[in-house]
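A.B. asks: Here is a sequence together with a model predicted from it:
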Amino acid sequence: HVQLVESGGGSVQAGGSLRLSCAASRYPISRTCMAWFRQAPGKEREGVARIATGSGNTYYADSVKGRFTITQDNAKNTVYLQMNSLNPEDTAIYYCAAKVWCEAPHYIYWGQGTQVTVS
């Protein structure tokens, strides 16, 4: 079955950086839609970044634009989220998600999440 496994979360001081990884199993990422979401305690889940891996087109939420970068490594079948200039508002569980096309309405595969804490 398809698996998305996130890693790279942790605790960091404000202004610091982290790189999250999302390794996909049984799901080639080379021509699909991959995204990162986050959910903070008491808040709704928020889409953070998205990449159409066939074209490389990306989308970022305004809250992270200029600080976060989503990239792909097809050889490793992995998507990354580089997070710079972190602030306490970025504290959340970060989830990786996938769907066949970015135009499709729903993400069909989700990872288990990785905690990011910024103090």
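C.D. replies: Nice, thanks for sending it over.
A.B. asks: mind listing what's buried in stretch 60-70?
C.D. replies: Neighbour counts using 16 or more other C-beta atoms under 10 Å place Tyr60, Val64, Phe68, Thr69, Ile70 of stretch 60-70 among the buried residues. Where you see a C-beta, it was placed from the backbone N, CA and C, and this is true even at glycine.
A.B. asks: and those residues, which of them are in helices?
C.D. replies: Among these, the subset assigned to helices under DSSP state H is empty.
A.B. asks: In a markdown table: those residues, plus pLDDT and distance to Pro88.
C.D. replies: Formatted as a markdown table, these follow (pLDDT from 0 to 100; distance: C-beta to C-beta, whole Å):
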| residue | pLDDT | distance to Pro88 |
| --- | --- | --- |
| Tyr60 | 98 | 19 |
| Val64 | 98 | 14 |
| Phe68 | 98 | 15 |
| Thr69 | 98 | 20 |
| Ile70 | 98 | 22 |
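A.B. asks: so which of those residues would you say is closest to Val2?
C.D. replies: Nearest to Val2 among the buried residues of stretch 60-70 is Ile70, at 19.5 Å by C-beta to C-beta.
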